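Trainee: Okay, predicted coordinates and the sequence, questions at the end:
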Amino acid sequence: MEHVNTSAGDRVRVADEKHSVADVLRGIRIMIRVMRKLPRVRLVLLLANCRFICTMGLPVILLSRVMRKPIVIKPFGAMLGERIGAMEPLRKSLTMSLLNRAAFIFPQTRRLAEELVNDAGMDAARVVHFPNFLPDEAFRPEYRKKRFAGACVFVGQIKREKGVFDIIEALRGQEGITCDFFGPIVDRDHDAFVTALSGDGNCAYRGIVEPDSVVETIGAYDVLLLPSYHPGEGYPAVILQAFAAGVPVIASSWKDIPEMVEDGSTGILVPARAPARIREALRRIAVDGDLYESMAAKAFAVSRDFSEKAIVNDILITRVSGLLPS
C-alpha cells in the first residue's frame with residue numbers, strides 16, 4: 001500500500017479560509033508524490049475535505065484515469081455539495097465531469113449523498129452513503145449503567161463555530177453542572193476562549209486528549225455537549241465515540257447531526273446558538289433520571305451500528321473488491 005498525506009498537518013482551519021502560498025506549494029508536493037506512486041498501485045482511495053477534492057483532487061482523478069487506475073473518493077464533512085453548487089457553471093461542469101470519472105464517491109451523510117445526485121448531477125450508481133465508523137477496539141465489552149451527576153465534556157476543535165462559547169454561557173452560574181474542554185484551540189479564538197473561561201468557575205480547559213483515549217475520556221463524564229454550527233459539520237466522530245462510551249449527547253439540530261442523534265432517544269437536540277436551550281436540556285436530564293439512563297443505554301446500543309466491521313466490510317470492501325483485477 002502506498003500513502004500520500006494530503007492534510008495540512010496540525011493547523012486548525014477556520015471556515016472560508018483563503019488559499020495561501022503554503023497551500024499551493026503543498027499541493028505541488030502532493031502531486032509530485034502522487035505521480036511517483038501511481039504506477040505502483042492498482043486502486044486509488046482519495047480521502048480529503050471538499051476544499052482539496054475541488055482543487056488538487058481534480059488532477060488526481062484525471063491522472064488516475066489516464067493511467068487506468070480506478071479511484072474512489074471519501075469526502076470529509078458534508079460541504080462538498082454546497083461547494084459544487086456555489087461554482088460558476090463552467091467550473092461546475094468541469095468538476096462534475098471529473099468527479100463522474102471516479103468509480104465511487106462515499107459521502108458520510110445521507111443529505112450529502114442526495115445533494116450530489118439531485119443537485120450536483122452525479123451518477124446515482126456512483127454515490128454510496130458511507131458513514132463515519134469507529135475501530136472495533138474502541139467499543140467497551142458491556143454497558144456500564146450510570147446516573148447524571150452534572151459532569152459535561154466537550155471534545156474537538158476549540159473554535160466558535162463548534163459552540164464552545166455557547167456552552168460557557170449556558171453553564172454560567174449553574175450550580176452542580178460543569179464542563180471540561182479537550183482539544184486544540186484555533187488561534188483566532190484563543191484569547192477570547194481563555195478570557196471566557198477565566199470568568200466562569202463551571203468550565204475548564206484540560207488540554208488535548210490522545211485519539212486512542214477519547215472514548216475512555218468521554219466515559220468519565222455524564223454527557224457530551226456539541227452545540228455546533230460549523231458549516232462543514234457532517235457526522236462528528238466524537239458523537240460516535242460518546243455513544244461507544246455509553247454517554248448521551250446534547251447537540252445542535254444543525255446540518256446532518258439529526259441523522260446521528262435521535263432526539264429523546266440517544267440524546268437531546270437543541271437549536272444552534274441557543275445557550276438557554278442547552279440549560280433547559282441539562283435541567284431536563286437532571287430531574288428525569290429514567291430519561292437519562294434510557295438515552296445512555298440506547299446510545300451504547302446504537303454505537304455498534306457504526307463499527308469498523310459493519311461499515312468497512314459491508315460498504316467499502318464489497319464495492320472496492322469488484323474494481324480490482326482478479
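Mentor: That came in fine, so what should we check first?
Trainee: Would you mind giving the domain segments of this protein?
Mentor: Taking automatic domain parsing as the reference, the chain has its domains at 21-133+308-323, 136-305.
Trainee: Least reliable of those domains by average pLDDT, please.
Mentor: Least confidently modelled of the domains of the chain is domain 21-133+308-323, at a mean of 90 by mean pLDDT.
Trainee: Can you name every helix or strand that the helix or strand where V320 lies contacts?
Mentor: According to DSSP states H and E, V320 maps onto helix 318-320. Taking 3 or more Cβ pairs under 8 Å, 6 or more residues apart in numbering; DSSP states H and E as contact, there are no helices or strands that helix 318-320 lies on. (Each C-beta comes from the backbone N, C-alpha and C, glycine too.)
Trainee: So which bits of that helix are buried?
Mentor: For helix 318-320, burial by neighbour count (16 or more other Cβ atoms under 10 Å) applies to V320.
Trainee: How far does it sit from its chain's centre?
Mentor: Taking Cα atoms, centre = their mean, to the nearest Å, one finds the center of helix 318-320 at 23 Å from the center of the full chain.
Trainee: quick one, helices of the stretch 101-250 of the chain?
Mentor: In the stretch 101-250 of the chain, the helices defined using DSSP state H, counting those that start in this stretch lie at 110-114, 164-171, 190-198, 214-219, 237-244.
Trainee: and the third one, which residues are buried?
Mentor: Counting neighbours by 16+ other Cβ under 10 Å, one finds that the buried residues in helix 190-198 are 193, 196-197.
Trainee: what does stretch 95-113 give?
Mentor: Buried residues in stretch 95-113, defined by neighbour count with 16+ other Cβ under 10 Å: 95-96, 98-99, 101-109, 111-113.
Trainee: Can you pick out the most distant pair from these?
Mentor: Within these, R101 and R111 form the most distant pair, 23.8 Å apart (Cβ to Cβ).
Trainee: What are the boundaries of the strands in the stretch 201-326 of the chain?
Mentor: For the stretch 201-326 of the chain, strands defined by DSSP state E, counting those that start in this stretch occupy the ranges 203-205, 223-226, 249-252, 267-270.
Trainee: if you compare the domains of the chain, which one is most tucked away?
Mentor: domain 136-305 (a mean of 19; mean count of other Cβ atoms under 10 Å).
Trainee: Give me the nearest residue to the residue positioned nearest the centre of the chain, chain neighbours excluded.
Mentor: Nearest to the mean C-alpha position of the chain, counting by Cα atoms, centre = their mean, stands P236 at 3.3 Å. Residue nearest to P236 in three dimensions, not counting chain neighbours: L226, with 6.3 Å by Cβ to Cβ, 6 or more residues apart in numbering.
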